[in-house]
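Visitor: Sequence and computational prediction follow.
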Amino acid sequence: MTKTFSLKNAYISSRKAGELLPLIKGKSTQEALTNLDFSSKKASMYWKKLIKSGTSFYEDKGTKGPISVKEAYVGQALIRKKRRASARGRMPMIRKRYSHLYIKLEQNQEANGK
């Protein structure tokens with residue numbers, strides 16, 4: 001059984017969130033969570049939240065067996081633009097970037113008895 005979970009408008013740029021994808025893709029959820037626990041990046045907080053949400057979905061349904069991360073990817077969301085006063089009357093634009101995080105979890109069917 002495969003299901004996609006998403007976290008919309010996370011306050012982190014898609015480039016920074018994508019740096020942690022090799023720690024997540026193709027791993028079991030427990031292994032991915034331990035990898036993210038040892039990461040000092042801010043994006044690990046958002047990825048952990050998303051993986052825990054997905055595993056709790058499977059636990060609420062009452063399914064048993066190992067759950068693995070089949071696919072994970074990042075998309076760009078809105079960009080909040082603001083201005084900051086600078087020298088000589090200039091107003092350079094500052095772009096605050098948001099991103100959408102997606103993860104596809106798969107439960108192994110062999111362990112489920114099907």
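Guide: It's in.

Visitor: secondary structure class for Ser99?
Guide: strand (DSSP: H, G, I helix; E, B strand; the rest coil).

Visitor: can you pull the pLDDT of it?
Guide: The confidence metric pLDDT takes the value 97 at Ser99.

Visitor: The nearest residue to it once chain neighbours are set aside: what's it in contact with?
Guide: Nearest residue to Ser99 in three dimensions, chain neighbours excluded: Ser14, at 4.0 Å (C-beta to C-beta, 6 or more residues apart in numbering). C-beta coordinates here come from the backbone N, C-alpha and C atoms, glycine included. Neighbouring residues of Ser14 by C-beta atoms under 8 Å, 6 or more residues apart in numbering: Val74, Gly75, Gln76, Ala77, Arg97, Ser99.

Visitor: now do 7 Å
Guide: Val74, Gly75, Gln76, Arg97, Ser99 (C-beta atoms under 7 Å, 6 or more residues apart in numbering).

Visitor: now Leu20
Guide: Leu20 is in contact with Leu36, Ser39, Lys41, Ala43, Ser44, Trp47, counting by C-beta under 7 Å, 6+ apart.
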